[in-house]
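Peer 1: coords please:
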Amino acid sequence: MTEPIRREETDVVVVGGGPGGLAAARACRALGVERVVVLEREAVAGGIPRHSQHTGYGLRDLGRVLTGPAYADRWLARAQSSGVDVRTAHTVTMLSRVGDRWQVLVTAPSGRWSFDARAVVMATGCRERPRSARLIPGDRGAGVYATGTLQQLVNVEHLRPGTRALVVGAEHVSYSAAVTLAHAQCDVVAMVTTEPRPTTFGAFRRAADVRWRFPVRCSTQVTRINGRERVESVELTDLVTGRTERVACDTVILTGDWVADHELVVTAGVVMDAASTGPRVDTSLRTSAPGLFASGNLTHPAETADVCALEGGAVGHSVVAWLAGGWWPAYGTEVTVSDPLTWVSPSFVTDAGTPPRSRFVLRASEFLRRPQLQVAQGDRLLWRGRVPWLIPTRPVYVPASWLGDVDTSPASRAISITVC
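Peer 2: All right, here's what the predicted structure looks like:
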């Protein structure tokens, strides 16, 4: 006999209980929304920072520096004290729009639920691509982890992943993985990246050089993992010379190479951005589906937790405007980029609203120092200025000061952001 689905009505459902989702829910409550429910699939809310023991969280949004767990706890307490109903171990399985409301289907320890909401905020974040998506051939022995799995293994379950690890990637999260490995007393034998140089901050690289002295192999690709029962070695190929070598290790950590956790919004039928892998949103963080908002690393994988929390506060204002009878645009003026820029978020301009933190975030595929960018609509120059850098995997920002000059009529031309 099929278990009946229990039904519950609410004003706003927030899918994802990380800092961004908790901040969005708290903002909705602070702006007068009575019933706000956060649905989190993990047993404890707080998101990725719960697994990160290192410090550095909270400076931009909370005005203080905290460890990951302390930061996650602070945002959970802030949301709950404002009256947000946080439901953990609640996995959303489907979103569908029925009439002017959203039905959110959920599986939980208490059974199956359907939440009937006037608006939904998607704050599901992003994840690192697994080995299968990176197309790394070889044996399938144990010992291959993404950073999130590594941090949960070490910081939550207090287990040692191995004794000698190879870290794939050389961006911010790669060095975070190195810190976690050191905490677990697992040596880093090398860090490898296909980029010609590391993409993290120079201070991170220098600190790692002083403390651990592991080699960083640039323009290098993992072309095979060996070890049937357990990882025994990896094959590395130099992308410049073509030379291959085998490096002994019992652990491989796959870092970075982020993809939006987008399956739910895909099934909801919203317009997606193939380059960023997230849903396309306008400057008010509205998707193409009325009443469905998207925020945080779902739309721009991957920014820091405090950036996502600040965006959560911004999307709360957009949600409240919608609940008060606000309009939902039937069209938008597209924002496009060209090489070496790869994507931009938000990717539509629809009204006079400005994006979170009054800036557009972009990614690039090449290294450039102090390039000049320009924003144009057809033959009209809207903005031109220099940015400090273009670095693969690192965000670059363009101010939104030009929005007031945009033609948003149905016949308007797309906005282009290019490198001069």
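Peer 1: give me the number of residues near the residue nearest to residue 287 when sequence neighbours are not counted?
Peer 2: Nearest residue to residue 287, sequence neighbours excluded (C-beta to C-beta, 6 or more residues apart in numbering): residue 270, at 4.4 Å. (C-beta placed from N, C-alpha, C; glycine too.) Applying other C-beta atoms under 10 Å, we find 21 residues neighbouring residue 270.
Peer 1: Check residue 9 too.
Peer 2: 11.
Peer 1: I'd say residue 153 and residue 159 touch.
Peer 2: Yes - counting by C-beta atoms under 8 Å, residue 153 does reach residue 159; the two are 5.1 Å apart.
Peer 1: who's more crowded, those two?
Peer 2: Set side by side, residue 153 and residue 159 show more neighbours around residue 153, with 17 against 10, by other C-beta under 10 Å.
Peer 1: gap between that one and residue 51?
Peer 2: 9 Å (C-beta to C-beta, to the nearest Å).
Peer 1: try residue 185
Peer 2: Taking C-beta to C-beta, one finds residue 185 at 18 Å from residue 51.
Peer 1: cool, residue 347 as well?
Peer 2: Taking C-beta to C-beta, one finds residue 347 at 31 Å from residue 51.
Peer 1: neighbour-wise, which of these two wins?
Peer 2: residue 347 (24 against 21).
Peer 1: Can you tell me how far the closest residue to residue 128 other than its chain neighbours is from residue 236?
Peer 2: Spatial nearest neighbour of residue 128, chain neighbours left out: residue 146 (4.3 Å); criterion: C-beta to C-beta, 6+ apart. Plainly put, residue 146 is 19 Å away from residue 236 if you go by C-beta to C-beta.
Peer 1: Contacts made by the helix or strand of the chain at the bottom of the mean pLDDT ranking with the rest, please.
Peer 2: The weakest-scoring helix or strand in the chain, judged by mean pLDDT, DSSP states H and E, is helix 202-211 (a mean of 85). For helix 202-211, contacts defined as C-beta atoms under 8 Å, 6 or more residues apart in numbering pick out 172, 175, 178, 182, 198, 214, 216.
Peer 1: wait, what's in contact with the third one?
Peer 2: The reference is to residue 178. 167, 188, 191, 208, 212, 214.
Peer 1: Looking at those, which has the smallest pLDDT value?
Peer 2: On pLDDT alone, residue 208 ranks lowest of the contacts of residue 178, at 84.
Peer 1: burial count for that one?
Peer 2: Per other C-beta under 10 Å, the neighbour tally for residue 208 reads 22.
Peer 1: how does the chain divide into domains?
Peer 2: Using automatic domain parsing, the domain ranges for the chain come out as 1-127+258-328, 130-256, 332-420.
Peer 1: Just say which of the ones you listed is most tucked in.
Peer 2: domain 1-127+258-328 (a mean of 20; mean count of other C-beta atoms under 10 Å).
Peer 1: any idea how far the closest residue to residue 66 other than its chain neighbours lies from residue 69?
Peer 2: The shortest distance from residue 66 to any non-neighbouring residue, by C-beta to C-beta, 6+ apart, is to residue 58 (4.4 Å). Noted for residue 58: a distance of 12 Å to residue 69, by C-beta to C-beta.
Peer 1: do the same with residue 348
Peer 2: 37 Å.
Peer 1: Bridged to the residue nearest to residue 128, which residues?
Peer 2: residue 254 (DSSP bridges).
Peer 1: ok, which stretches of the stretch 51-200 of the chain are strands?
Peer 2: Counting by DSSP state E, counting those that start in this stretch, the stretch 51-200 of the chain has strands at residues 55-57, 66-67, 85-87, 91-98, 101-108, 111-122, 126-128, 144-146, 164-168, 187-192.
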